[in-house]
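Colleague: how would this look folded up:
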Amino acid sequence: MSEQIRLSLPAQEDFRPVAHLVIGGLAARRDLTYDVLEDLQVAFDALLACREDDEEIVVTLSVDDGEVRASVGPFTREALARLDRGPGELPLRRVLETVCDAVDFDERDGGSYVDVRKAVAAG
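Modeller: Model prediction:
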């Protein structure tokens, strides 16, 4: 059974815990492992850190066919450029590629979106 959750929230750091609650709720409902949950939260932290403004950011999550699919955006080109920079020697893009099975970029709805996929045990 496919289930999709769409969350719109301000891009400000104060609202990031809301995204964590939604991811945790989805993980609990779909019996995702702690490792999958932790990887997803790391990915979302990396993505959400690319934006710090008063505008809306949209997070879409679904679990289907043995994988979690997520989309986050919209991002400006400048915000996406932050993916190639990071604290110290570890670019945020490298973090995403480490904790997710696939990372793609898509132009839609007037902005850039980052789509990630993570394999999960079929339940």
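Colleague: can you tell me how far the residue nearest to L47 when sequence neighbours are not counted sits from V120?
Modeller: Of all residues not flanking L47 in the chain, V72 sits nearest, at 4.6 Å (Cβ to Cβ, 6 or more residues apart in numbering). Bear in mind the C-beta positions are built from the backbone N, C-alpha and C, glycine included. According to Cβ to Cβ, to the nearest Å, V72 and V120 sit 18 Å apart.
Colleague: element containing the residue nearest to L47, please.
Modeller: In this structure, V72 sits in strand 67-75 according to DSSP states H and E.
Colleague: now do the buried residues in that strand.
Modeller: Of all the residues in strand 67-75, those buried under the rule 16 or more other Cβ atoms under 10 Å are 68-75.
Colleague: same question for stretch 54-71.
Modeller: Here stretch 54-71 shows 57-63, 68-71 as buried, counting by 16+ other Cβ under 10 Å.
Colleague: would you turn those residues into JSON lines with distance to L9 and pLDDT?
Modeller: Output for those, formatted as JSON lines (distance: Cβ to Cβ, whole Å; pLDDT from 0 to 100):
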{"residue": "I57", "distance to L9": "6", "pLDDT": "94"}
{"residue": "V58", "distance to L9": "8", "pLDDT": "95"}
{"residue": "V59", "distance to L9": "7", "pLDDT": "94"}
{"residue": "T60", "distance to L9": "12", "pLDDT": "94"}
{"residue": "L61", "distance to L9": "13", "pLDDT": "93"}
{"residue": "S62", "distance to L9": "18", "pLDDT": "91"}
{"residue": "V63", "distance to L9": "20", "pLDDT": "88"}
{"residue": "V68", "distance to L9": "19", "pLDDT": "93"}
{"residue": "R69", "distance to L9": "19", "pLDDT": "94"}
{"residue": "A70", "distance to L9": "14", "pLDDT": "94"}
{"residue": "S71", "distance to L9": "14", "pLDDT": "95"}
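Colleague: reformat the residues you listed as a markdown table; add distance to Y34.
Modeller: Supplementary listing: the buried residues of stretch 54-71 in a markdown table, determined by distance: Cβ to Cβ, whole Å:
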| residue | distance to Y34 |
| --- | --- |
| I57 | 26 |
| V58 | 26 |
| V59 | 20 |
| T60 | 23 |
| L61 | 17 |
| S62 | 20 |
| V63 | 16 |
| V68 | 14 |
| R69 | 20 |
| A70 | 18 |
| S71 | 23 |
